[in-house]
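A.B. asks: Here is a sequence together with a model predicted from it:
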Amino acid sequence: AQTVTQSQPEMSVQEAETVTLSCTYDTSESDYYLFWYKQPPSRQMILVIRQEAYKQQNATENRFSVNFQKAAKSFSLKISDSQLGDAAMYFCAYSSGGGADGLTFGKGTHLIIQP
Amino acid sequence: GAGVSQSPSNKVTEKGKDVELRCDPISGHTALYWYRQSLGQGLEFLIYFQGNSAPDKSGLPSDRFSAERTGGSVSTLTIQRTQQEDSAVYLCASSFTYTGYNSPLHFGNGTRLTVT
């Protein structure tokens, strides 16, 4: 079974600074998909960024980018120019694309933005 | 253009009572997922529907849990004889097809269930 590990229960960063959230995963598949979701206090999970494993180029969405290291099975999220609205729980997730198993989530990292 | 809608938003029930949680997915989304999020934990996968069919129900925590989907749309998650350990946020998500890069999950705001 696939597992996703987020080793940082909580991270804190000054507003406007850069922060990196770590994620590692375990799989025997060669093709799969990785996601970062944000969960603010409203509870709704919001897709931040996604990556296909066969694409070597790291995904970027505005201030959010990933460092995808396939051999190391690592998928970290970098948030540049942190804003107060970035404060939330961040979940790393894995999908084999098969459907029936949905997404496998890590336990999350609570990101605090210091004004 | 509504997103995934879940009701009720919050539910407090007494131990031993039955509860029914509702999920209304995005129109046209064939895949629907239920997850459970306990305090301080990640998301635990419960069940997946493709259309009205749930191919694998082994993710449901016990036989007190059941789920159905009708008309390829609304889904209900029923918990019978609720226990305190059932207290959690129950999240529903839908996608155009099964989960993949081009068909990411869209989540509702969840139902917070508290069993007293």
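C.D. replies: It's in. Numbers count the residues shown, from 1 in each chain, chains lettered A, B, ... in the order given.

A.B. asks: how many neighbours does the residue nearest to A:Thr3 when sequence neighbours are not counted have?
C.D. replies: In this structure, A:Thr3 finds its nearest non-sequential neighbour in A:Asp26, 4.7 Å apart by CB to CB, 6 or more residues apart in numbering or on different chains. Placement of C-beta: from N, CA and C, glycine included. Neighbourhood size, A:Asp26 [other CB atoms under 10 Å in any protein chain shown]: 12.

A.B. asks: Could you verify my assumption that A:Asp26 touches A:Phe75?
C.D. replies: No - in this structure A:Asp26 lies outside contact range of A:Phe75 using CB atoms under 8 Å: 11.8 Å.

A.B. asks: Does the residue nearest the centre of chain B have any beta-bridge partners, and if so which?
C.D. replies: Centroid check for chain B by CA atoms, centre = their mean gives B:Trp34 as the closest residue, at 3.2 Å. For B:Trp34, the beta-bridge partners under DSSP bridges are B:Ile47, B:Cys92.

A.B. asks: Show the contacting residues for it.
C.D. replies: B:Trp34 sits next to B:Cys23, B:Phe45, B:Leu46, B:Ile47, B:Tyr48, B:Ala67, B:Ser75, B:Leu77, B:Tyr90, B:Leu91, B:Cys92 when contact means CB atoms under 8 Å, 6 or more residues apart in numbering or on different chains.

A.B. asks: Including neighbour count and pLDDT, could those residues go into CSV?
C.D. replies: Conversion of the contacts of B:Trp34 to CSV gives the following (neighbours: other CB atoms under 10 Å in any protein chain shown; pLDDT from 0 to 100):
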residue, neighbour count, pLDDT
B:Cys23, 27, 98
B:Phe45, 16, 90
B:Leu46, 21, 94
B:Ile47, 24, 93
B:Tyr48, 24, 90
B:Ala67, 22, 96
B:Ser75, 24, 97
B:Leu77, 24, 98
B:Tyr90, 22, 97
B:Leu91, 26, 96
B:Cys92, 27, 96
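
A.B. asks: between these, which is nearest A:Gly106?
C.D. replies: B:Phe45 (13.1 Å; CB to CB).

A.B. asks: In chain B, what residue spans correspond to strands?
C.D. replies: Here chain B has its strands, by DSSP state E, at B:5-7, B:10-13, B:19-24, B:31-37, B:43-50, B:65-69, B:75-79, B:88-95, B:106-107, B:111-115.

A.B. asks: Can you tell me the strand partners of the last one and which way each runs?
C.D. replies: In the sheet containing strand B:111-115, the strands it pairs with under DSSP bridges are strand B:10-13 (parallel), strand B:88-95 (antiparallel).
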